[in-house]
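In: predicted model and sequence below, questions to follow.
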Amino acid sequence: MTGTDARRDTAARGAARAAAGSPAVWSRDFALFFAARAVARLGDTMLPVALAAGLLEHGYGAGAVGLAMASTAAAFAGLVVFGGVVADRFSTRKLMIGADLVRLGAQALAAGLFFTGHVVLWQICAIGFVNGVAGAVFQPGVASTVPRLAADVQGANGAIRIAESAAQLAGPAVAGVLVGLASPGGVFAAHATTYALSALCLLLLRLPPLPAGPRAATGSALRAFRADLADGWREFRSRAWLWGVIAVWCLYMIAVWGPTVPLVATEVVRHHGPGAYGLVNSALGVGTVIGGLLALRLRPRRMLRAGAFSLFAFFGFPAAVGAGLGVPAMAAGAALAGAGMSFWGVMWATTVQTQVPADVLNRIHAYDVAGSLAMMPVGQALAGPAAGVLGAGHVLLTAGAVSLLVAAILLAVPPIRDLPRADTPAPTAH
């Protein structure tokens with residue numbers, strides 16, 4: 001069967017399911033996956049508050065908090081590509097459940113350390129590293145799970161984006177309440193509980209099998225692993241729209257998102273106080289919810305083109321802060337930025353999930369995540385020195401200008417701009 005025939009056959013099966021009254025998005029199994037993602041995201045957004053409050057309470061400084069967070073980020077970014085290979089060789093559902101159980105144990109251990117007052121920084125960093133490794137195993141499977149559970153992949157991604165955005169809004173507030181009522185250990189215990197709930201939802205999940213396709217490489221374990229890794233890289237490199245977006249996104253992370261996050265925080269808090277920063281951050285979260293809602297309704301024929309246009313909205317966020325505008329203007333800019341980023345995120349995730357064959361999707365998603373995150377620490381590290389030389393306001397204005405340039409570059413590259421939407425997953429590779 002040719003790729004065209006396979007795609008036509010897949011589309012026919014999707015149409016038959018729709019004609020039979022099968023829901024495009026919501027089903028028992030998708031609802032379980034939706035709940036797993038929402039509750040896990042809620043817990044993850046509680047963690048920075050718990051780490052900051054707990055470590056500061058035990059005499060550590062801001063550098064220790066950053067080191068603890070970096071231990072998780074470094075493990076995740078360094079190992080997620082390998083996690084993609086593992087996810088394509090084994091049951092993604094079992095791997096995700098296992099990763100949740102590992103993180104449940106790690107965060108329960110952290111809760112015990114904070115409850116007993118025996119807090120040692122290297123132990124907290126080691127726990128963070130374990131969490132990062134588990135996250136690197138968990139994350140690649142997310143990409144291939146969505147198209148296996150929902151006929152409407154874009155709608156499913158939009159719904160998940162809304163839930164994650166709402167959780168991101170609520171998480172820090174819930175963590176703050178728990179710190180006040182109990183202790184930082186209570187937040188870690190609650191975080192561990194979110195992983196238990198996520199694992200339970202995934203355990204109850206009935207995940208349809210992947211379509212028949214080429215088997216993973218055989219031979220010795222190491223040789224097969226290398227072959228799968230190389231095969232994933234070839235599939236990644238063969239799609240100009242895919243590696244093109246990742247290449248542009250490296251520029252975005254270095255010059256836009258990387259410096260925007262720390263410099264917005266310092267500038268708003270310095271000139272307007274922490275309450276204003278909380279308001280601006282909330283506006284950003286509300287914007288991401290709005291972007292998810294828009295992604296549920298709008299069905300562009302050129303998804304990456306529409307997503308690139310939405311990225312122009314990000315300009316107002318760093319520009320409003322860099323120009324020294326008032327809090328209402330900064331909040332409005334943040335809301336627009338959140339909406340644009342959220343809409344782009346749904347367009348991008350849906351494109352990858354429907355254009356990439358299912359048998360290599362986990363590996364491709366891992367390359368996507370690794371490439372997207374690789375340059376963010378570079379941008380964050382350069383933000384301080386750049387602000388010292390040019391001034392924070394000028395760096396933020398430059399970030400706003402580069403955000404416009406990034407959107408323009410995405411629209412200028414034909415394989416990205418002209419890629420047609422595919423409403424059904426691609427046939428298997430080879």
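Out: Yep, that arrived. Residues are numbered from 1 along each chain as shown.
In: where does pLDDT dip in the stretch 201-350 of the chain?
Out: Residue ranges of the stretch 201-350 of the chain with pLDDT under 70: 210-222, 224-225, 274.
In: can you show me the helices along it?
Out: Per DSSP state H, counting those that start in this stretch, the stretch 201-350 of the chain carries helices over the ranges 221-237, 240-252, 258-272, 274-297, 303-311, 316-322, 327-355.
In: next, format the ones you listed as JSON lines and append distance to Val85.
Out: C-beta: built from backbone N, CA, C; applies to glycine. Converted to JSON lines, the helices of the stretch 201-350 of the chain look like this (distance: least, Cβ to Cβ, whole Å):
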{"stretch": "helix 221-237", "distance to Val85": "5"}
{"stretch": "helix 240-252", "distance to Val85": "17"}
{"stretch": "helix 258-272", "distance to Val85": "28"}
{"stretch": "helix 274-297", "distance to Val85": "30"}
{"stretch": "helix 303-311", "distance to Val85": "26"}
{"stretch": "helix 316-322", "distance to Val85": "36"}
{"stretch": "helix 327-355", "distance to Val85": "17"}
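In: figure out which of these is closest to Gly128.
Out: Ranking the helices of the stretch 201-350 of the chain by proximity to Gly128 (Cβ to Cβ) places helix 258-272 first, at 19.2 Å.
In: buried residues in that closest one?
Out: 258-260, 262-264, 267-268, 272 (16 or more other Cβ atoms under 10 Å).
In: helix or strand for the spatially most central residue of the chain, which one?
Out: Computing the C-alpha centroid of the chain and ranking residues by Cα atoms, centre = their mean puts Val369 first, at 7.7 Å. Element membership for Val369 (DSSP states H and E) is helix 361-374.
In: which element follows that helix toward the C-terminus?
Out: helix 376-390.
In: who are the packing partners of the helix or strand following that next one?
Out: Sequence order places helix 392-412 as the next helix or strand after helix 376-390, per DSSP H and E. Packing partners of helix 392-412 (3 or more Cβ pairs under 8 Å, 6 or more residues apart in numbering; DSSP states H and E): helix 240-252, helix 258-272, helix 303-311, helix 316-322, helix 376-390, helix 414-417.
In: wait, Ala399 sits on Tyr252?
Out: No - here Ala399 lies out of contact with Tyr252, judged by Cβ atoms under 8 Å, at a distance of 9.6 Å.
In: who has more neighbours out of these two?
Out: Each of Ala399 and Tyr252 has its neighbours counted (other Cβ atoms under 10 Å); Ala399 has more, 29 against 25.
In: nearest spatial neighbour of that one, skipping sequence neighbours?
Out: Nearest non-adjacent residue to Ala399, counting by Cβ to Cβ, 6 or more residues apart in numbering: Pro318, 4.3 Å away.
In: residues in contact with the one you found?
Out: 256, 259-260, 263-264, 333, 396-397, 399-400, 403 (Cβ atoms under 8 Å, 6 or more residues apart in numbering).
In: try it again at 7 Å.
Out: Shown in contact with Pro318 (Cβ atoms under 7 Å, 6 or more residues apart in numbering): 260, 264, 396, 399-400.
In: just Val289 next, same as before
Out: Here Val289 is in contact with 162, 165-166 (Cβ under 7 Å, 6+ apart).
In: kindly export stretch 307-316 (C-alpha atoms) in CSV.
Out: Output in CSV follows, covering the C-alpha atoms of stretch 307-316 (Å, rounded to 0.1, in the frame of the first residue of the first chain):
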residue,chain,number,x,y,z
GLY,A,307,0.4,29.5,14.1
ALA,A,308,3.2,31.7,12.9
PHE,A,309,0.8,34.7,12.4
SER,A,310,-0.4,34.2,16.0
LEU,A,311,3.3,34.5,17.2
PHE,A,312,3.2,38.2,16.2
ALA,A,313,1.1,38.8,19.3
PHE,A,314,4.0,38.0,21.6
PHE,A,315,5.7,41.3,20.7
GLY,A,316,3.6,43.3,23.1
